[in-house]
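Student: Coordinates for the following, if possible.
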Amino acid sequence: MAFTLSGDAATTRTNLGLGDAATKTVGTAAGNIPVLDGSGNMPAVDGSALTGIEALPSGGTVGQLITNTASGTGTWQDAAPSAAILKTQSYRYNPTTVSGSGYGSTLSNYNSAGMNSSFTPTTTGSKLIITVSTVINMPVTTHSYLTLKHGSTWLHDYDGLCVLHQPSGMDYYSGVTMEYAHGVSAGTAVSIDLYVATSASDIKLGNRNSNGEQSTRVTIMEVV
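Tutor: Residues are numbered from 1 along each chain as shown. Sure, this is the predicted structure:
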């Protein structure tokens with residue numbers, strides 16, 4: 001293929017089939033040709049004149065999302081991230097016997113199980129997820145209730161968590177798990193106590209009669 005060179009640069013470019021890009025300079029100034037960098041990224045340029053891109057509504061802060069309404073108008077909404085665990089403590093208690101004091105529509109019927117679990121939250125606005133896992137051994141034809149107490153504040157009403165009796169046969173034992181979410185203040189120590197009300201003369205926590213023993217575990221988890 002033969003090329004005809006001319007003393008005129010414009011004619012030579014035409015003869016070579018070159019467009020006007022041959023006269024441009026690489027860069028980001030007006031009239032320049034932008035070139036991708038070594039990572040394939042565009043250089044920093046003003047994109048305000050681009051078309052075909054939906055404009056975002058004014059306002060909005062970090063962590064917010066755009067939600068489109070039926071009319072297509074976007075609005076800023078707070079995102080709802082999954083809960084983050086900040087701190088966890090777990091306590092294990094040996095089997096213990098709790099005396100009964102009857103049961104009525106009052107919290108005065110509850111007796112402490114002697115399981116005091118302390119926790120100091122790390123930040124304001126967090127919540128505590130309190131989980132109690134135990135085994136209850138109690139006589140037949142009886143029933144018991146479990147509840148939690150934070151300092152002088154009861155975390156359940158007098159109904160608590162009910163564990164029903166077995167009408168006949170051997171002494172009744174059952175695995176029990178209870179959970180409660182509780183708001184707290186940062187830096188203030190929290191004391192969580194387990195309380196029991198029962199119609200029996202006494203019950204055993206973490207005890208499966210002659211079949212063996214199982215401890216009571218209290219886990220406190222701080223989430224935001």
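Student: could you pull out the strands for the chain?
Tutor: 64-68, 74-78, 85-93, 96-99, 111-119, 127-138, 144-150, 153-154, 161-163, 172-183, 190-198, 202-205, 216-223 (DSSP state E).
Student: burial measure for Asn15, as a count.
Tutor: 14 (other C-beta atoms under 10 Å). All C-beta spots, glycine's among them, are computed from the backbone N, C-alpha and C.
Student: where does the chain have low pLDDT?
Tutor: For the chain, the stretches with pLDDT under 70 are 1-7, 54-83, 102-106, 157-173, 208-213.
Student: So which bits of stretch 181-198 are buried?
Tutor: By 16 or more other C-beta atoms under 10 Å, the buried positions in stretch 181-198 come out as 184, 190, 192-198.
Student: Endpoints of that stretch, how far apart?
Tutor: 24 Å (C-alpha to C-alpha, to the nearest Å).
Student: Against Asn116, how distant is the residue lying closest to Thr134 once chain neighbours are set aside?
Tutor: Leaving aside its chain neighbours, Thr134 sits nearest to Thr216 (3.9 Å; criterion: C-beta to C-beta, 6 or more residues apart in numbering). Applying C-beta to C-beta, to the nearest Å, the value for Thr216 to Asn116 is 12 Å.
Student: what about these two, which has more around it?
Tutor: Neighbour count, other C-beta under 10 Å: between Thr216 and Asn116, Thr216 has more, with 22 against 14.
Student: Hmm, the more buried one is touching Val132, no?
Tutor: Yes - counting by C-beta atoms under 8 Å, Thr216 touches Val132, with 7.1 Å between them.
Student: Overlap in contacts, these two.
Tutor: Residues touching both Thr216 and Val132 (C-beta atoms under 8 Å, 6 or more residues apart in numbering): Leu194.
Student: thinking again about what came up before, with distance to Pro34 added, can I get the strands of the chain in TSV?
Tutor: Formatted as TSV, these follow (distance: least, C-beta to C-beta, whole Å):
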stretch	distance to Pro34
strand 64-68	28
strand 74-78	29
strand 85-93	46
strand 96-99	75
strand 111-119	57
strand 127-138	50
strand 144-150	62
strand 153-154	64
strand 161-163	67
strand 172-183	54
strand 190-198	59
strand 202-205	72
strand 216-223	47
